[in-house]
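1. Any chance you could fold what I've pasted below:
(2 chains)
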Amino acid sequence: MKRRDFLKLAILTLSGISIKPFAHLFTKPAFADISIQRTNKGLPRWAMVVNLSICGKKDGCTDCIDACNRIHNIPRITNPKHAVKWIWNAPFDRVFREQSFDNMNEGLRKKSVLVLCNHCENPPCVSVCPTKATWKREDGIVMMDYHRCIGCRYCIAACPYGARSFNWKDPRPYIKEIDKGFPTRTQGVVEKCNFCEERIAKNLLPACVEACREGGLIFGDVNKEDSEVRKILSTRLSIRRKPHLGTEPKVYYIL
Amino acid sequence: MVEKALKGTKRYWTWIGFLLFLILIGFVSYLFQLKEGLGITGMGRDISWGLYIANFTFFVGVAASAVMVVLPYYLHSFVQFGRITILGEFLAVAAVVITVLFIVVDLGQPSRVFNILLYPSFSSLLFWDMVVLSGYLFLNLFSGWYTLDAEDKEEPPLRWVKPLILISIPWAISIHTVTAFIFSGLSARPFWLTAILAPRFLASAFASGPSLLILLCYVLKKFTKFDAGKEAIQKVALIVTYAMLINFFFLLVELFTVFYSAIPDHKGHFIYLFLGSNGTGMLSVFMWFSVALSICSLVLLIRPETRKNESLLPWICGMVLVSIWIEKGLALLIPGFIPTPLHDIASYVPTLPEVFITLGVYGLGGLIITGLFKIAIEVQKAKEKGI
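-> Numbering: from 1, shown residues only, chains lettered A, B, ... in the order given. The predicted structure is shown next:
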């Protein structure tokens, strides 16, 4: 390489590097800034309570699921093998098999139970991810970086709740109407419920909670003593999915 | 030495041509998979790992088994293994390349594979598997290559080769242990959540890898003038016998704990594996076939007359290979996923493109083995002529 060419290249490189600190001026952060949520009592701990005595009173109600699917650009793929699910219904005796037995109340046994990512306190999916594409935020929300995920699906194998979905094909043709407020995903990456972190950042409730007009879903900060979730959890008997695994789910069910 | 792989008979080139054809089919299918996504395979949201990861697990075992010839030769000066030790090391090289390829073809976003290095996560067993597998690849490639190179030049081996070989012995154990830990650390999948998984993996590896080595020696004897020596082959067969016995014992140990404790979450997977569920019993047919092959091969291996029968031994080795390919392939993976975390049953059948991609990876592995073995044999041939 000639001396002249070398100098040209060096100047170009240096000027490139010097631009970097200012690059953020032109981009938006990929995820909501959680410092907004910092209160004088420290960081929040988000949790959800599903009240099974209210949820499902309206026969075949899917308001919460529809709201989530709409705002998160979730594809509607008919082939169950390739389906993408963030929040969905499953029968009680499948969700809580260890709590089901012969001669139990048949209505409860076959009852539809909402399931979603539990945002575990000890998330196995986070430990196994080889690229830190999934991680637990300081406020407990388990996040996904769709741009870093290599699609190895180790997290799917590690999740005890089946809460994670893989994009087996390009999801975009299967989205009815794309919501510009949330990114669509590409084929070959994993996704799941994000507790509506993008809405929490704007002081809004998660879409599913807002959509439930019966009040069957309660969301809030368990670190706050006067929050509704905290009150319910401290006064009523609640159950969680597979508590013996020690994952500490933050989605609670009351009967 | 590379030039030695580029000279050969017409039959040699026909074989190379066949392997290239397999690679081509695999490559074209892979381009299709890249474009359409992993949805073209038989996998889905319930059974999210399939034929690729099954083969990955199996070939990590083949790679690790090189230690079964390296250890007696270098630690116990078992001179009869002089000729096949180099083959064992080269088989390990090809097997590691195969495992890496099976991981890559299983990725949804293969172009981002280097994120594993850019954002390493020390809590992920996949990260550690990458570390041990790449280390093992270089250990075997260097120690095999430079031992052979020294032989070719009729010089004593380089001083740093011996330490590499010694390191490769515990390293071989580590690659299969870490691979077992990928599965056995998951609380979500009771089928894999067992401390015996790593020992089982090692036992089945030391049965399947050496079986493959024996088969390759038979092929070499038939098509080239290379003869590993009767005594060496018989010793390897003895290793296969013990490994098979230990592997079968481990399986029974596992079954005892699962069925005597009778915890539904654990039992469900084994019942699905052996009995199927509601007509989706194709996997259990394979599993029983694998068990039957295991028992038959064990009987034939334990009886000295049949084990020492040279025309029967390749068949026995074939049975061992097929049995273990099923046992630690799809029969290890699918019941891990079924019943699902929501206690559902799903089915998995590999699709044609998936099978083609698998064959393509086999083809590439075959090409590496062919090239490396050819070089090794030419060097040894020249040496014998010299004497």
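
2. Chain A contacts on the stretch 151-300 of chain B?
-> Residues of the stretch 151-300 of chain B lying near chain A by CB under 8 Å from any CB of the partner chain: B:182, B:186-189, B:264. For glycine as for every other residue, the C-beta is placed from the backbone atoms N, C-alpha and C.

3. Show me the residue of the stretch 51-200 of chain A that gets nearest to chain B, please.
-> Using CB to the nearest CB, the single residue of the stretch 51-200 of chain A nearest to chain B is A:Gly151, 2.1 Å away.

4. can you count the residues close to that residue?
-> Close neighbours of A:Gly151, defined as other CB atoms under 10 Å in any protein chain shown, add up to 22.

5. Surely it forms part of a strand?
-> No. With DSSP: H, G, I helix; E, B strand; the rest coil as the criterion, A:Gly151 is assigned coil and is not in a strand.

6. give the contact list for the closest residue to it other than its chain neighbours.
-> In space, and not counting its chain neighbours, A:Gly151 is closest to B:Gly108: 2.1 Å by CB to CB, 6 or more residues apart in numbering or on different chains. By CB atoms under 8 Å, 6 or more residues apart in numbering or on different chains, the contact set of B:Gly108 is A:149-153, A:166-167, A:187-190, B:37-38.

7. How about B:Phe270?
-> By CB under 8 Å, 6+ apart, the contact list for B:Phe270 reads B:191, B:255, B:258-259, B:335.

8. Give the other helices and strands that the helix or strand hosting B:Pro170 contacts.
-> Using DSSP states H and E, B:Pro170 falls within helix B:161-184. Taking 3 or more CB pairs under 8 Å, 6 or more residues apart in numbering or on different chains; DSSP states H and E as contact, the helices and strands that helix B:161-184 lies on are helix B:51-64, helix B:67-75, helix B:125-152, helix B:197-223.

9. Flag every buried residue along the longest one.
-> What that stands for is helix B:125-152. Neighbour counts over helix B:125-152 (16 or more other CB atoms under 10 Å in any protein chain shown) mark B:125-133, B:135-137, B:139-149, B:151-152 as buried.

10. quick one on the thing from earlier: could you pick out the buried ones from the contacts of B:Phe270?
-> Buried residues within those, defined by neighbour count using 16+ other CB under 10 Å: B:191, B:258, B:335.

11. I'd like to know how many residues surround A:Lys2.
-> If you count neighbours by other CB under 10 Å, A:Lys2 ends up with 7.

12. One more: A:Phe6?
-> 10.

13. From the rest of the structure, what touches the strand or helix carrying it?
-> Taking DSSP H and E as the criterion, A:Phe6 maps to helix A:3-19. The contact list for helix A:3-19, computed with CB under 8 Å, 6+ apart, reads A:Met1.

14. Format the CA atom coordinates belonging to the helix or strand following it as PDB.
-> Following helix A:3-19 in sequence order, the next helix or strand is strand A:46-51 (DSSP H and E). Taking Å, rounded to 0.1, in the frame of the first residue of the first chain, the C-alpha atoms of strand A:46-51 are listed here in PDB:
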ATOM      1  CA  TRP A  46     -44.400  -6.000  37.600                       C
ATOM      2  CA  ALA A  47     -46.800  -8.800  38.200                       C
ATOM      3  CA  MET A  48     -50.200  -9.900  36.800                       C
ATOM      4  CA  VAL A  49     -53.100 -11.600  38.500                       C
ATOM      5  CA  VAL A  50     -55.600 -13.600  36.400                       C
ATOM      6  CA  ASN A  51     -58.900 -13.900  38.300                       C
END
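
15. Given strand A:46-51, what are its sheet partners and their directions?
-> Its sheet considered, strand A:46-51 pairs with strand A:217-221 (antiparallel), strand A:251-254 (parallel) by DSSP bridges.

16. following it, which helix or strand comes up?
-> From strand A:46-51, the next helix or strand downstream (DSSP H and E) is helix A:63-71.

17. Per-residue pLDDT of the nearest residue to B:Ser290 once chain neighbours are set aside, please?
-> Using CB to CB, 6+ apart and skipping the chain neighbours, the partner closest in space to B:Ser290 is B:Ile326 (3.9 Å). Looking at B:Ile326, its pLDDT reads 95.

18. Repeat that for A:Ser165.
-> Turning to A:Ser165, the model gives it a pLDDT of 97.

19. quick one: it and B:Arg45 touch, right?
-> Yes. Assessed by CB atoms under 8 Å, A:Ser165 is found in contact with B:Arg45 at 6.0 Å.

20. Longest helix in chain B, by number of residues?
-> In chain B, assigned by DSSP state H, the helix with the most residues is helix B:352-386.

21. Quick check: mean pLDDT of that one?
-> 92.

22. I figured the residue nearest to B:Ser290 hits B:Val291, correct?
-> No. Counting by CB under 8 Å, B:Ile326 sits too far from B:Val291 to count as a contact (9.2 Å).

23. quick one: which of these two has more around it?
-> B:Ile326 (22 against 17).

24. So whatever residue of the stretch 51-200 of chain B ends up closest to chain A: helix, strand or coil?
-> Closest residue of the stretch 51-200 of chain B to chain A, CB to the nearest CB: B:Gly108 (2.1 Å). Put simply, B:Gly108 is coil when judged by three-state DSSP.

25. Around the nearest residue to B:His176 once chain neighbours are set aside, how many other residues sit close by?
-> Once flanking residues are discounted, B:His176 sits nearest to B:Ala64: 4.2 Å by CB to CB, 6+ apart. Applying other CB under 10 Å, we find 27 residues neighbouring B:Ala64.

26. Wait, B:Ala64 touches B:Pro170, no?
-> No. Judged on CB under 8 Å, B:Ala64 makes no contact with B:Pro170 at a distance of 11.0 Å.

27. what's in contact with whichever strand or helix holds the residue nearest to B:Ser290?
-> Counting by DSSP H and E, the element that carries B:Ile326 is helix B:313-327. Here helix B:313-327 makes contact (CB under 8 Å, 6+ apart) with B:58, B:61, B:204, B:207-208, B:211-212, B:214-215, B:218, B:233, B:237, B:240, B:244, B:247, B:251, B:286-287, B:289-291, B:293-294, B:296-297, B:300-301, B:306-307.

28. one more time with 7 Å, if that's ok
-> Helix B:313-327 is contacted from outside by B:58, B:204, B:207-208, B:211-212, B:214-215, B:218, B:237, B:240, B:244, B:286-287, B:289-290, B:293-294, B:296-297, B:300-301, B:307, using CB atoms under 7 Å, 6 or more residues apart in numbering or on different chains.
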